[in-house]
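> no letters, just coordinates:
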C-alpha cells in the first residue's frame, strides 16, 4: 500500500494492465458504495481489480467483478466478495460516461482504488482497447526511450 501524504491519498490497489491493454481517453473519480466489512478489508489493503469493469445501467453506474475478500473478523456480516457495487457520481457525469461508452469500441475500466480523506474512491477511465500492433509499438517506444536514457546517463558519467 502506497501513501501519498500531500494529497491525503492511501492507495489500496491498481489495475496495472489497463494502461497496457487500453488507450485511456479520460479519467473520472467516483465514490464507491460499500458495506461495513468491505471498508475494513480495503483498509487492510486487500482488493483486486484484475477482472473488474464498470457499466452504466438504468441511469446508474456500477462496478462489476471487483473482488474484495471477506474481512477476517467479519463473520456473519461479510457480504459476497464480487457483488456489484454502485459508483457514486452526479447524474450529469453518468450521462457523459454513458454517451462516451455508447461509441463503438469504448468501455469503462477501473484504474485504481484508494482512500481520500477517509472515503473510498475509484478512478475509472473511458478507454478503447488496443490492437496487438499498438501494444508492440508501445513496447518498441519504451525500449528505445530506455536505451536513449541509458546512453545519456552513461555519457554524463
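Structure's in. What do you need? What you are looking at is a predicted structure, and each value in this text was computed from that prediction instead of being measured.
> and the strands in the protein?
3-4, 9-14, 22-32, 53-57, 60-64, 85-88, 106-116, 119-129 (DSSP state E).
> can I get those in TSV with mean pLDDT and mean neighbour count?
From N, CA and C alone the C-beta is placed, and that goes for glycine too. Formatted as TSV, the strands of the chain follow (pLDDT from 0 to 100; neighbours: other CB atoms under 10 Å):
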stretch	mean pLDDT	mean neighbour count
strand 3-4	60	11
strand 9-14	93	18
strand 22-32	95	16
strand 53-57	95	17
strand 60-64	96	18
strand 85-88	96	19
strand 106-116	95	20
strand 119-129	95	19
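> would you check how far apart residue 108 and residue 118 are?
Note on residue 108: its distance to residue 118, by CB to CB, to the nearest Å, is 25 Å.
> could you do residue 92 as well?
Following CB to CB, the distance that separates residue 92 from residue 118 is 25 Å.
> same check on residue 60?
Residue 60 is 24 Å from residue 118, by CB to CB.
> sorry, back to before: format the strands of the chain as JSON lines; extra columns: distance to residue 39.
Shown next, in JSON lines, are these (distance: least, CB to CB, whole Å):
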{"stretch": "strand 3-4", "distance to residue 39": "17"}
{"stretch": "strand 9-14", "distance to residue 39": "11"}
{"stretch": "strand 22-32", "distance to residue 39": "9"}
{"stretch": "strand 53-57", "distance to residue 39": "20"}
{"stretch": "strand 60-64", "distance to residue 39": "15"}
{"stretch": "strand 85-88", "distance to residue 39": "12"}
{"stretch": "strand 106-116", "distance to residue 39": "9"}
{"stretch": "strand 119-129", "distance to residue 39": "7"}
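> figure out which of these is closest to residue 138.
With CB to CB as the measure, strand 22-32 is the member of the strands of the chain nearest residue 138 (9.8 Å).
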